[in-house]
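Participant: would you be able to build a 3D model of this:
(chains A and B)
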Amino acid sequence: MVSHAIPKTYAEALEILKDGTHRVVAGGTDMMVRNRAWAGLPPAFDKPLLFAFNLPELKYVRVDEKAIYIGSMTDLETLLHHEDTPSLLREVIGEMASPAIRYVSTLAGNIVNASPAADSLLALYALDAQIVLESVEGKRVLPIEKMILGPGKTVLDHDEIIAEIRMPKSSFTHTAFRKVGGRRADAITKVGFIGCAVVDDGIIRDLRLIFNAVAPTLVRVKSVEALHIGHAIEDVLDDIETITHHYAEHINPIDDQRSNRAYRKETALELARHFIKTLQ
Amino acid sequence: MSNIHHSVPKIDASEKISGRMAYVADIRIDGMLHAKTVRSTEAHARIRDIRVPTLPEGYYVIDHRDIPGKNVVKMIFEDWPVFAVDKVHHIGEPIMLVVGPDKRVVQTLVDAIEIDYEPLESVFSMTESVIHYHYDKGDAEAAFKEADRIIAHEYDTGYQEQAYIEPQGFIGTYEDDRIHLIGSIQAPYYVKNAVIETMACAPEDIRVVQATVGGAFGGKEEFPSLIGCQLAVALKKIKKPIKLIYEREEDMDTTTKRHPSKTRIEGAIKDGKITALRTHIGIDSGAFIGLSGVVLSRAIIASTSAYTVDNLDISGDVYKTNTVPNGAFRGFGAPQMIYAVEMFFHHVAKELGVDVHAFRLKHLAKQGDRTSTSGLFRDPILMPEMIERACAMSDYHRKRKAYADPNVYKGIGMSWFLHGCGFTGSGEAEHIKAKVTLEKLASGLVHLRVAAVDMGQGAKTTLMKVAAETLGLPLERIVYDNPDTDLVPDSGPTVASRTAMVVGGLIARAAARLKDEWNDGEHQTITEQYTQPEYMAWNQDTFTGDAYPAYSWGVNVVEVEVDKTTLEVQVKNIWSTYDVGKSLDDNIVIGQADGGTAQGVAYGYLEVMRHHRGKLLQKNMTDYVIPTAVDMAKTETELFDNPFAFGPYGAKGAGELTLVGGAPAVALAIEMAIGERVHSIPATPEYLMEVLKNAKR
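Facilitator: Residues are numbered from 1 along each chain as shown, chains lettered A, B, ... in the order given. Just a heads-up that it's a prediction; the model follows:
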């Protein structure tokens, strides 16, 4: 029998995590499903769990002039309705899962679950999110793309917990979010896209293109974005077909029970081209 | 004219909506054991050896050696074993049950059982025919010889999963040498008769009771007989209460689905009309035939849908493959064929360069026409009015012109269809011989003794209304408990759009007699038995005559918008007109219409299920996508009165009709939106991308 922990305070949680034997559960919306058992039996976990969802110290949303700071156990429904939530993140959350799921799921859970199809990660990559990890040893802060290594794989150590998600304040002249799922609600993404740009006087000053469900991790290639920044939108449009070539090695989707490689690849690129065409 | 169509609150609505209703999984009996099925992991293999670990005290395995009677689930074809013997024919085929008090231990034992297989060659393509049917009408050969032109097309359809909200399950007890089964079922007597065969026992040794059913859609027609037989074998051996409830994934992985199909239609065209059709449909039965032959019958009989074609050469085959067995599903073979026929008529009109609507109207069936099987359309056909009304409701003609513009990614599609009510041919008179009893207690309460199951479609409310209306009593004086084979006669399975028409008709007859013979304070019992309308004549060998006593008719119009970038389809609106004879309760019929249309339209564009070498890829409700409320379009439905002489108050079938036209209507709408032809459903964005790519080439 494994024995699970329900700490009362954040300090107690860090202390329990110290020996690296516990696995942190936030809302559990992925973990409970993954470890499901025959109805009537408790879910089967091979490691003791630490239930962090109700830790009061990790439920907050704060802002200052530079950034927004989200406590890791803040549920998505709260973020959906919070006035300080960046509009792009709010838009993504609005299309995620179902209300019942959103009331218990968290950004931290999405990050550690590290699904290539995660919707919220699209916004976190687009908004240059920084992830604060903490253990009794101290804190470290990592950009989201350094945090996630592959499907279900992150750099989170066994004694660490995600404490906070930070996003610097940003403003764009153009944004687009598309989630393509099997249906219009409560669907796992087949292919998804976020585009953000700052266009000033016909010149692209900032461009961010993020794709999900097309590779083992989300795809954001800053070197490709940089190729377009500083250029006139007309020139970029003339050359729009090269985007296929630029992403050839990055967008490598699979065939699975939800969609196929050809559709995912074509649609991802088409969404990007379509976004760039709207920048005029 | 009766006002019976005025809606009343469904009699079970409050208990279901409030969550008070107990389903089979909610039933607990002291000392009950839990059963779990050990299943094949191979598509086709010989079982070399099975190693069962030492069983703790109080734990059992049950397999084919425990069966006292025949190791076969009694249906039409006796090819479906209760438990595998030395061979398995599909992934998920049941081999044995593990039974015991603690679910954890049961699960551990299931996981510890080792089975050695010797793989055999598997068949996954439709190549091995096990049933072939053929019929003719007129002289198709001559018509093809005289044709100006011959046009042929192929269409195919995928699996569809019933996706009832409550998985399959039973609980059973063994007392006084009797087996008592309570289950989520559509056909109490199918289960009872199957168990009698497997247990080689007397009918009085078996009692089957229907638990409240949380959805069925045909999925609980024949499949529960398999679980019922397995549980009966376990009960006889262990003699303690046992519960056997499927998990969602187990249910999706191993229970029957709608048959995938391939249809080829060849049409002879003469003077701008289709003078003959030569059609072949193949359906994939999966590993066992089960009801596939009857599904094939309904499919081939639907070969002209709502049209009349004078010369026909129609055939079909059931193909066996090493995949999960397919079976009954709302529509029962008709959705596959009617989709193909509707697409074909459109495609022919386009190839002839004529107006599709006018072309179809020229072929529309009329009263007095010969049916596909040379029977007679005896009753009035209201389709011209129903079509006109549907066009007006949807603004069809204006929209189809506006959406013809290739830059507009919108489309509107219309389907016309019929559905034969009740069993095909003489099944009702020769096999079912339905009986119903009204039992009036001394207190004045009238019990409906019928085997009909309310699985959400409203059978209880509807049939109680028929009895109350006929007797001139308030609804509260009518009692309709879930059927118990100890108490009710066999009024037949709750399938084939027969319940309102056939069972309801018998109830109306019995109620009329009871009213005549009514004696206050006296216990009275009235029984009525089905007799076929005298005009019915059917030859099963040649597929000629009246295949059904009556037909219900429908028109669906579906409007879609296709996203140019992602090719996602959004269904914007659905308009329908239906002739179900006479509505016995408007809300209930509209409920059937909304649900049936949602299921039918989703079959055409949304619901994807495929297998890879016999293993289903969509194994839960996350991967198998059915429409949510957000996906469901606004619906507008109108009912047309056209009373049928033999139905209660004129009612015909309504349950399946509302599903069969959804797929062609949405497929035609998508076709208009993308400007290319759809030959395969579900028409997913992935498929549409392929279609557009091929068109460019």
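
Participant: which residue sits closest to the residue in the stretch 351-500 of chain B that chain A sits nearest to in space, ignoring its chain neighbours?
Facilitator: Closest residue of the stretch 351-500 of chain B to chain A, C-beta to the nearest C-beta: residue B:409 (13.5 Å). Every residue, glycine included, has its C-beta placed from N, CA and C. The spatially closest residue to residue B:409, leaving aside those adjacent along the chain, is residue B:562, at 4.5 Å (C-beta to C-beta, 6 or more residues apart in numbering or on different chains).

Participant: tell me the pLDDT at that neighbour?
Facilitator: On the pLDDT scale, residue B:562 is placed at 98.

Participant: next one: residue B:325
Facilitator: What the model reports as pLDDT for residue B:325 is 98.

Participant: what of residue B:1?
Facilitator: We have a pLDDT of 51 for residue B:1.

Participant: which bits of chain A sit near chain B?
Facilitator: Residues of chain A lying close to chain B (C-beta under 8 Å from any C-beta of the partner chain) are A:37-41, A:178, A:180, A:182-188, A:191, A:256-260, A:262-263, A:266-267, A:270-271, A:274.

Participant: inside strands: which ones of those residues?
Facilitator: A:178, A:180, A:191 (DSSP state E).

Participant: hey, what's the first one bridged with?
Facilitator: The reference is to residue A:178. residue A:193 (DSSP bridges).

Participant: got the residues of the stretch 101-250 of chain B near chain A?
Facilitator: B:103-104, B:107, B:245, B:247.

Participant: and if you look at chain B?
Facilitator: Residues of chain B lying close to chain A by C-beta under 8 Å from any C-beta are B:25, B:36, B:103-104, B:107, B:245, B:247, B:565-568, B:570, B:606, B:608, B:610, B:617-619, B:622-623, B:625-631, B:685-686, B:689-690.

Participant: rewinding a little: biggest separation within the residues of the stretch 101-250 of chain B next to chain A, which pair?
Facilitator: By the measure C-beta to C-beta, B:104 and B:245 form the most distant pair in those, at 15.9 Å.

Participant: so which of those two has more stuff around it?
Facilitator: residue B:245 (25 against 15; other C-beta atoms under 10 Å in any protein chain shown).

Participant: filter the residues of chain A next to chain B down to the buried ones, PyMOL style.
Facilitator: To isolate the buried ones among the residues of chain A next to chain B in PyMOL, judged by 16 or more other C-beta atoms under 10 Å in any protein chain shown, type:
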select buried, chain A and resi 38+178+180+182+183+184+186+187+188+191+257+258+259+260+263+266+267+270+271+274
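
Participant: in helices, which of the residues of chain A next to chain B appear?
Facilitator: Within those, residues falling in helices by DSSP state H are A:262-263, A:266-267, A:270-271, A:274.

Participant: okay, those in TSV with pLDDT and distance to residue B:549 next?
Facilitator: Below are these laid out as TSV (pLDDT from 0 to 100; distance: C-beta to C-beta, whole Å):
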residue	pLDDT	distance to residue B:549
A:262	97	50
A:263	98	47
A:266	96	52
A:267	98	50
A:270	96	53
A:271	97	54
A:274	96	56
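
Participant: make JSON lines from those residues and add distance to residue B:600 to it.
Facilitator: Formatted as JSON lines, those follow (distance: C-beta to C-beta, whole Å):
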{"residue": "A:262", "distance to residue B:600": "28"}
{"residue": "A:263", "distance to residue B:600": "25"}
{"residue": "A:266", "distance to residue B:600": "29"}
{"residue": "A:267", "distance to residue B:600": "27"}
{"residue": "A:270", "distance to residue B:600": "30"}
{"residue": "A:271", "distance to residue B:600": "31"}
{"residue": "A:274", "distance to residue B:600": "32"}
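
Participant: out of these, the closest to residue B:372 would be?
Facilitator: Residue B:372 lies nearest to residue A:263 out of these, by C-beta to C-beta, at 38.6 Å.

Participant: tell me the contacts of the closest one?
Facilitator: Residues in contact with residue A:263, defined by C-beta atoms under 8 Å, 6 or more residues apart in numbering or on different chains, are A:190-191, B:685-686, B:689.

Participant: and of those, the nearest to residue B:417?
Facilitator: The closest of those, once distances to residue B:417 are taken by C-beta to C-beta, is residue B:685, at 26.1 Å.

Participant: for the closest one, which non-adjacent residue is closest in space?
Facilitator: Using C-beta to C-beta, 6+ apart, the nearest residue to residue B:685 is residue B:567, at 3.9 Å.

Participant: ok, that neighbour touching residue B:688?
Facilitator: Yes. Residue B:567 lies in contact with residue B:688 (C-beta atoms under 8 Å); the separation is 4.5 Å.

Participant: quick check: neighbours shared by those two?
Facilitator: residue B:674.

Participant: what is the burial count for the residue in the stretch 201-350 of chain B that chain A sits nearest to?
Facilitator: Proximity of the stretch 201-350 of chain B to chain A (C-beta to the nearest C-beta) peaks at residue B:247, 6.3 Å away. Using other C-beta under 10 Å, residue B:247 has 16 neighbouring residues.

Participant: does it touch residue A:37 like I think?
Facilitator: No. Assessed by C-beta under 8 Å, residue B:247 is found out of contact with residue A:37, at 9.6 Å.

Participant: as JSON lines, the ones in strands among the residues of chain A next to chain B with pLDDT would be great.
Facilitator: Conversion of those to JSON lines gives the following (pLDDT from 0 to 100):
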{"residue": "A:178", "pLDDT": "98"}
{"residue": "A:180", "pLDDT": "98"}
{"residue": "A:191", "pLDDT": "98"}
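
Participant: out of the contacts of residue A:263, which end up buried?
Facilitator: Neighbour-count burial (16+ other C-beta under 10 Å) is assigned, among the contacts of residue A:263, to A:190-191, B:685-686, B:689.

Participant: out of those, who's nearest residue A:145?
Facilitator: Using C-beta to C-beta, residue A:191 is the member of these that lies nearest residue A:145, at 19.1 Å.

Participant: in contact with the closest one, which residues?
Facilitator: Residue A:191 touches A:180, A:211-214, A:253, A:259, A:263-264, A:267-268, A:271, B:566, counting by C-beta under 8 Å, 6+ apart.

Participant: at 10 Å what do you get?
Facilitator: A:117, A:178-181, A:211-214, A:251, A:253, A:258-259, A:263-271, B:566, B:685 (C-beta atoms under 10 Å, 6 or more residues apart in numbering or on different chains).

Participant: just residue B:67 next, same as before
Facilitator: Residues near residue B:67 by C-beta under 10 Å, 6+ apart: B:81-83, B:85, B:198-200, B:229-230, B:232-233, B:236-237.

Participant: out of those residues, which are inside helices?
Facilitator: B:198-199, B:229-230, B:232-233, B:236-237.

Participant: can you pick the most crowded of the residues you listed?
Facilitator: Among the ones in helices among the contacts of residue B:67, residue B:232 has more neighbours than the rest - 32 neighbours, counting by other C-beta under 10 Å.

Participant: right, and that residue touches residue B:173 too?
Facilitator: No. If you go by C-beta atoms under 10 Å, residue B:232 and residue B:173 don't touch, sitting 11.1 Å apart.

Participant: related to what we said a few turns ago, out of the residues of the stretch 101-250 of chain B next to chain A, which are inside helices?
Facilitator: Among those, the members falling in helices (DSSP H) are B:103-104, B:107.

Participant: a markdown table for the contacts of residue A:263, including distance to residue B:654?
Facilitator: A markdown table is the format used below for these (distance: C-beta to C-beta, whole Å):
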| residue | distance to residue B:654 |
| --- | --- |
| A:190 | 36 |
| A:191 | 40 |
| B:685 | 33 |
| B:686 | 34 |
| B:689 | 37 |
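
Participant: specify which member of the residues you listed is nearest to residue A:148.
Facilitator: The closest of the contacts of residue A:263 to residue A:148 turns out to be residue A:191 (C-beta to C-beta; 18.2 Å).

Participant: and that closest one, how far from residue A:251?
Facilitator: Residue A:191 sits 9 Å away from residue A:251, going by C-beta to C-beta, to the nearest Å.
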